[in-house]
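**Q** Sequence first, predicted coordinates after that:
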2 protein chains.
Amino acid sequence: MGLIVQKFGGSSVANTDKLKVVSEHIISEVEMENRVVVVVSAQGKTTDKLISEEAEILKNPIKLNKEDLNENNLKREHDVLVSTGEQITISKLSMLLNKMGYKAVSLTGWQVPIITNSQYTNGKIRYIENKKILEYLKAGNIVIVAGFQGVDENENITTLGRGGSDTTAVAIAASLNADRCDIYTDVDGVYTSDPKIVDNVKKIDKISYDEMLELSSMGAKVLHNRCVEIGKKYNIPIYVKSTFEKNSIGTLVSDKGSFEDFMISGIAKDDYISRITIIGLENKIGKTYQLFKLLSDNMINVDIIVQSLGEHITRNIAFTVKMNDLEKTLRVLDENKDILKISQILHYENLSKVSIIGLGINNKLDIASSMFEALYENNINMHMISTSEIKISVLVNSDEADLAVKAIHKKFFE
Amino acid sequence: MGLIVQKFGGSSVANTDKLKVVSEHIISEVEMENRVVVVVSAQGKTTDKLISEEAEILKNPIKLNKEDLNENNLKREHDVLVSTGEQITISKLSMLLNKMGYKAVSLTGWQVPIITNSQYTNGKIRYIENKKILEYLKAGNIVIVAGFQGVDENENITTLGRGGSDTTAVAIAASLNADRCDIYTDVDGVYTSDPKIVDNVKKIDKISYDEMLELSSMGAKVLHNRCVEIGKKYNIPIYVKSTFEKNSIGTLVSDKGSFEDFMISGIAKDDYISRITIIGLENKIGKTYQLFKLLSDNMINVDIIVQSLGEHITRNIAFTVKMNDLEKTLRVLDENKDILKISQILHYENLSKVSIIGLGINNKLDIASSMFEALYENNINMHMISTSEIKISVLVNSDEADLAVKAIHKKFFE
């Protein structure tokens, strides 16, 4: 008799018929004598609808009072509003299971409780009290928990930000020391690349947490990073599988990777990247630190960094930021040009990062050259190269990125 | 500087434009240096929509498991579902006020908390913790509380049943010892009778709690009984006024009635009543008690009771029950015919109770005769008569009830 956490996303619970399919997945675990905790998202487009209603309220141009707008109050109310979405799903799914004769009980984020910090709209889970869940399980209930939401230590409702329901599921699995966490979604598992770009993608049967983290952060939208990080930290096996495909085996994300079958597990792509090159940074200890501290203080996320010696005693530094941080980055750099003693700032827009990911990369030197060969054969220029133990990334023009992904995929998988 | 509780019903908060009107009522109290707590219902048809979605889930005929359906679990989930309605309203109204530059904060039933018993779908408020509300008020916030909902001592969500938001508002006013509770609604106040029946109804400026209780229980749908009972117990002045009519003065419900202006305050009507007559109940001490204990044990509410001596040493007892309890009542009586030694059970359907209500009734003997005169002039037969200190009720055929209300209203008010 095991303890399983199952998670179903918004498209899996979108209407009554889909809730019936979900209930079959739950019941099949119950019939195998497993105890089951289910985490669900808001139904279909519910969250979008609530957000558009919020926009209608906020577009009101009236400002009667002299006091400043309390932005934090607005964020707090946003979370009060959107958290109703998952609350609706948990009650409906629990009703359905009870109606089918299976004892079930729903719990909102605050009822569990899932304690988060107080950062509205983007809360982080601090800890999960598992007492109530364990009591309900012991009494023979299927426990259905609202994903994506929690409560801070002052009993304010919070939401977890993007991918929040996956994080809820794996965090609950960790707090209960569950045997595994099944993430049901609208795809059959994790693929070697994006099926929208590459025709002959292959499903990955097994992948390590680290490889999955690289794939996730590269834009493979299957699992959110925080959820994989928690899975890794507490060693919870995560199965990604399809809600609606019969007999979906899915992908197992665990501490064991794919290296016996493939050298690399997948090809990923990340768009909307810009490269900034700083010419003539003073070659003095602390200057590089000063530069990136400045960016970090301004909440600018930097990804790839390449440093090289410039003319005379200066350095050149190139780094990438997301396109929507570009304007802010250039402004901040310009304002601090004199302090940093920068002679010139160049930038290059509309780049994409294409990466191969796999535990095998560390040991096999010919992977990089095969990757570069694939790009060379297709006349694709590389703007930057970055490598890590399980990843090789190259920066290419965005209009060549899909071709790059296809070429590399063909080289390694087809 | 006073402390005011305002309550706005579902039709008053139905959309963004209406929420703007509501915010004007709130702000006008704030501008007069009052501290304000606002209680709101779910927007417009939201609750109806959620209930129809619940019905769609429950109409599912699949019953896979052998265990009995857990009806209490289903009721629990009903409350989890419908309580999202008010949660949506409080967040939107708070957003709007914050956007207008007024500090506001929303609180759900469990956040206050409003502690109820565990009777799902029909919870009763046990007590209200006012600490959090007082703290937020002290920090200069408008506090917006979700009506109709609470939480039991095990942190399960409950709802209060019909008229619940009014009850929430007056109970909060009582717990804060507020100066008054303003119930905003779609009518201008309490009227001498139902405007749908009588043309020349008059608005009542002042009415006592007791008179209001009689009017409410008689089907004047303005205020729910429980809310008036709490107002009476804690002596909270309740103003019933219109959200959308400018300069609505409304009706003041307080410990002072209308007796200086009118003998009677209103005419009310209650439909769907049936009369049951029991012939030949044994004339022995305890037999009447035994009869009504039996009905009470079967959850049958009895209203008017008239007892008279029957033939020989038996009694005849007539009483009224709501039409939807009739079948159950007749079955229960029939099953216990022998124990109670009843010789015959008669019943009469489709009756209505028409009542005049007023503090003046107690002292003025001619009110009853004027009422009976009005009915006699219109050829309306009375099936039963019942009197109390502030009320005279007669039972008439339902198809003559509107005429009865009109005739009595004309006699006293026109």
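**A** Sure, I can see it.

**Q** count of residues packed around the one residue in the stretch 101-250 of chain A that gets nearest to chain B?
**A** Distance from chain B to each residue of the stretch 101-250 of chain A (Cβ to the nearest Cβ) is smallest for residue A:101, at 3.1 Å. Backbone N, C-alpha and C define where each C-beta goes, glycine included. Per other Cβ atoms under 10 Å in any protein chain shown, the neighbour tally for residue A:101 reads 16.

**Q** quick one: the closest residue to residue A:382 other than its chain neighbours and residue A:348, what's the gap?
**A** Closest residue in space to residue A:382, ignoring its immediate chain neighbours: residue A:394 at 4.6 Å, by Cβ to Cβ, 6 or more residues apart in numbering or on different chains. Distance, residue A:394 to residue A:348, by Cβ to Cβ, to the nearest Å: 14 Å.

**Q** More neighbours: which of those two?
**A** Taking neighbours as other Cβ under 10 Å, residue A:394 and residue A:348 compare with residue A:394 leading, 26 against 16.

**Q** SS state for the more buried one?
**A** strand (DSSP: H, G, I helix; E, B strand; the rest coil).

**Q** Residue A:350 too?
**A** Assignment for residue A:350 (three-state DSSP): strand.

**Q** Give me the nearest residue to it, chain neighbours excluded.
**A** residue A:398 (4.6 Å).

**Q** Now do the same contact list for that neighbour.
**A** Neighbouring residues of residue A:398 by Cβ atoms under 8 Å, 6 or more residues apart in numbering or on different chains: A:271-272, A:350-352.

**Q** Next: residue A:143.
**A** So residue A:143 contacts A:36-38, A:104-105, A:107, A:133, A:136-137 (Cβ under 8 Å, 6+ apart).

**Q** how about 7 Å then?
**A** A:37, A:105, A:107, A:133, A:136-137 (Cβ atoms under 7 Å, 6 or more residues apart in numbering or on different chains).

**Q** same question, residue A:85
**A** With Cβ under 7 Å, 6+ apart, residue A:85 has these contacts: A:42, A:46-47, A:50.

**Q** now do residue A:151
**A** By Cβ under 7 Å, 6+ apart, the contact set of residue A:151 is A:109-110, A:113-116, A:157-158.

**Q** is it possible to export those residues to JSON lines including neighbour count and distance to chain B?
**A** Below are those laid out as JSON lines (neighbours: other Cβ atoms under 10 Å in any protein chain shown; distance: Cβ to the nearest Cβ, whole Å):
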{"residue": "A:109", "neighbour count": "30", "distance to chain B": "12"}
{"residue": "A:110", "neighbour count": "24", "distance to chain B": "7"}
{"residue": "A:113", "neighbour count": "20", "distance to chain B": "9"}
{"residue": "A:114", "neighbour count": "29", "distance to chain B": "13"}
{"residue": "A:115", "neighbour count": "18", "distance to chain B": "14"}
{"residue": "A:116", "neighbour count": "27", "distance to chain B": "15"}
{"residue": "A:157", "neighbour count": "30", "distance to chain B": "8"}
{"residue": "A:158", "neighbour count": "30", "distance to chain B": "13"}
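
**Q** immediately after the helix or strand bottoming out on mean pLDDT in chain A, which helix or strand?
**A** Scoring the helices and strands of chain A by mean pLDDT, DSSP states H and E places strand A:302-309 at the bottom, with a mean of 78. Moving toward the C-terminus from strand A:302-309, the next helix or strand (DSSP states H and E) is strand A:314-322.

**Q** Next, the angle from that next one to strand A:302-309.
**A** 170 degrees (axes from the mean of the first three to the mean of the last three Cα atoms, to 10 degrees).

**Q** helices or strands up against strand A:314-322?
**A** strand A:266-282, strand A:302-309 (3 or more Cβ pairs under 7 Å, 6 or more residues apart in numbering or on different chains; DSSP states H and E).

**Q** Pull up the pairing partners for it, direction included.
**A** strand A:266-282 (antiparallel), strand A:302-309 (antiparallel) (DSSP bridges).

**Q** Cheers, nothing more for now.
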